[in-house]
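> here is my input, please return the structure:
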Amino acid sequence: MTDSTTRGRVLEVTSYPPPRTGWAVRTEFVKHRLDAEGHRCVVLNIGPSRHVPSDEYETIAGGGDLLRKVWRYSRDGFTVHAHANGDAWKGALLALAVLTISLVHGRRSVLTFHAGAIQRYFPVHRSWVLTPLYWLLFLLPRDIICNSDAVKACIRQYGVPASKITPIPAFSAQYMEFTKADLPSSLETFFGRFPHVVFTYIRLRTLFYPVTLLEAVARIARQRPDVGVVLCGASAGHFDPEIKAAFERKFAELDIADRVCILEDLGHDAFLTALQRSVLYLRTPITDGVASSVLESIALGTPVVACDNGTRPPGVVLYPAEDAAKMAEAVLHTIDNRAEVMARQAGVEVRDTVADEVALLTR
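Now for the predicted structure:
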């Protein structure tokens, strides 16, 4: 652990807002805490805004530019903090390259392995072909951060000692620090049109099941004319072209445009403001594990309906991920029994996990 005379130097290699996705938001909180404590934190932004100049991060022109900058900062003694998950093998390869550069300079790095215990290529039994890649990814860093004990158990399947893995929930007291914000006019109008607004954060990727979501919205629309659905993030950030095309076809086919409000993204204050005003929060991805937005919603007193991924908090209303009928049923049940559902959802421990992460990165 560093003291007042020996400060840490941390190189974050990950996405950074905008858009305000889970990894990016967490990195923003960690960077600000490192800066506040007098450490030096440099972010190499490899996310959608990587070409947009900012005082918060360094832009990245391409793969070669990224590797040159990682080499320079590693040589200068920075602790490299790489990020990956089990849903994108290219991202895992990139993280592996970053960790290798750090090791070449004689420094052991830190890896945060994001998301839950069910991912496209993780754990071992979901992709034997990529097991060597993830084994090496977990071998190189000195420490691995994940967001739950369930994910830690899965990482251990790759032969990683338990002492190397630290579960730190991707939720912290900082997530709940917000000021009620003015919402975009389209969203404000939407809240005015519908007595019950369902809020969800969606990406046009396979395991977010966006087409299944639209089918569920159509079912809800047939039964409840007083319910509207907000799709936040649907057109922001990375997307799968085939999924985007299928989403657009299904959206036109179902003729539900008047029941849906599609937003690119919202800032932190506006996101929580909208979440607090909504009748419930709908969470569709199966790979996310214990999602910070789920915990934010519970802390705000907004009920959560989510696909069953094995790690949802107690009281969350669950449905099978690919079942539009069950999704719609769960949403309608929650609207009709909102007070009862809220009473069953357990309270959330809101502690400073950003401080835990900073302590690990600077020790």
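
> where does the stretch 51-200 of the chain have low pLDDT?
Low-confidence regions of the stretch 51-200 of the chain, defined here as pLDDT under 70, do not occur.

> can you give me the helices for it?
Ranges of helices within the stretch 51-200 of the chain are 63-75, 89-104, 131-139, 149-156, 185-193, based on DSSP state H, counting those that start in this stretch.

> give me the buried positions along the helix or strand containing Glu340.
Applying DSSP states H and E as the criterion places Glu340 in helix 338-344. By 16 or more other CB atoms under 10 Å, the buried positions in helix 338-344 come out as 341-342. The way it works is simple: take the backbone N, C-alpha and C, and place the C-beta from them, glycine included.

> follow-up on the earlier one: in JSON lines, list the helices of the stretch 51-200 of the chain along with distance to Asp336 and mean neighbour count.
What follows is the helices of the stretch 51-200 of the chain, written out as JSON lines (distance: least, CB to CB, whole Å; neighbours: other CB atoms under 10 Å):
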{"stretch": "helix 63-75", "distance to Asp336": "50", "mean neighbour count": "16"}
{"stretch": "helix 89-104", "distance to Asp336": "41", "mean neighbour count": "19"}
{"stretch": "helix 131-139", "distance to Asp336": "43", "mean neighbour count": "17"}
{"stretch": "helix 149-156", "distance to Asp336": "31", "mean neighbour count": "20"}
{"stretch": "helix 185-193", "distance to Asp336": "20", "mean neighbour count": "13"}
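
> identify whichever of those lies nearest to Glu242.
Comparison of those against Glu242 by CB to CB identifies helix 89-104 as nearest, at 16.7 Å.

> and that closest one, what does it pack onto?
helix 63-75, strand 79-84, helix 131-139 (3 or more CB pairs under 8 Å, 6 or more residues apart in numbering; DSSP states H and E).

> could I get the ones you listed as JSON lines with distance to Thr179?
JSON lines is the format used below for these (distance: least, CB to CB, whole Å):
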{"stretch": "helix 63-75", "distance to Thr179": "35"}
{"stretch": "strand 79-84", "distance to Thr179": "28"}
{"stretch": "helix 131-139", "distance to Thr179": "39"}
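
> just tell me which of those ends up closest to Gln276.
Nearest of the helices and strands packed on helix 89-104 (CB to CB): strand 79-84, 28.9 Å.

> that closest one pairs with which strands?
strand 9-14 (parallel), strand 110-113 (parallel) (DSSP bridges).

> pick the most deeply packed of the ones you listed.
strand 110-113 (a mean of 26; mean count of other CB atoms under 10 Å).

> pull the residues that contact it.
79-86, 95, 99, 137-138, 140-146, 151, 155, 360-361 (CB atoms under 8 Å, 6 or more residues apart in numbering).

> repeat the analysis, applying 7 Å as the threshold.
With contact meaning CB atoms under 7 Å, 6 or more residues apart in numbering, strand 110-113 is reached by 79, 81-85, 95, 99, 137, 141-146, 151, 155, 360-361.

> quick one: terminal-to-terminal distance for stretch 282-302?
10 Å (CA to CA, to the nearest Å).

> Arg120 - nearest residue in space that isn't next to it in sequence?
Residue nearest to Arg120 in three dimensions, not counting chain neighbours: Asp87, with 4.7 Å by CB to CB, 6 or more residues apart in numbering.

> quick revisit: got the CA coordinates for the helix holding Glu340 in PDB?
What follows is helix 338-344, C-alpha atoms only, in PDB (Å, rounded to 0.1, in the frame of the first residue of the first chain):
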ATOM      1  CA  ARG A 338     -45.500  -3.600  -7.300                       C
ATOM      2  CA  ALA A 339     -45.700  -3.000  -3.500                       C
ATOM      3  CA  GLU A 340     -45.500  -6.700  -2.800                       C
ATOM      4  CA  VAL A 341     -42.500  -7.100  -5.100                       C
ATOM      5  CA  MET A 342     -40.700  -4.100  -3.600                       C
ATOM      6  CA  ALA A 343     -41.200  -5.600  -0.100                       C
ATOM      7  CA  ARG A 344     -39.600  -8.900  -1.200                       C
END
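
> next structured bit after that helix?
On the C-terminal side of helix 338-344, the nearest following helix or strand under DSSP H and E is helix 353-361.

> for that following helix, packing partners?
When contacts are defined as 3 or more CB pairs under 7 Å, 6 or more residues apart in numbering; DSSP states H and E, helix 353-361 packs onto helix 22-36, strand 143-146.

> for those, which one ends up most surrounded?
strand 143-146 (a mean of 22).

> and it, which strands flank it?
Next to strand 143-146 in the sheet, as set by DSSP bridges, lie strand 110-113 (parallel), strand 165-167 (parallel).
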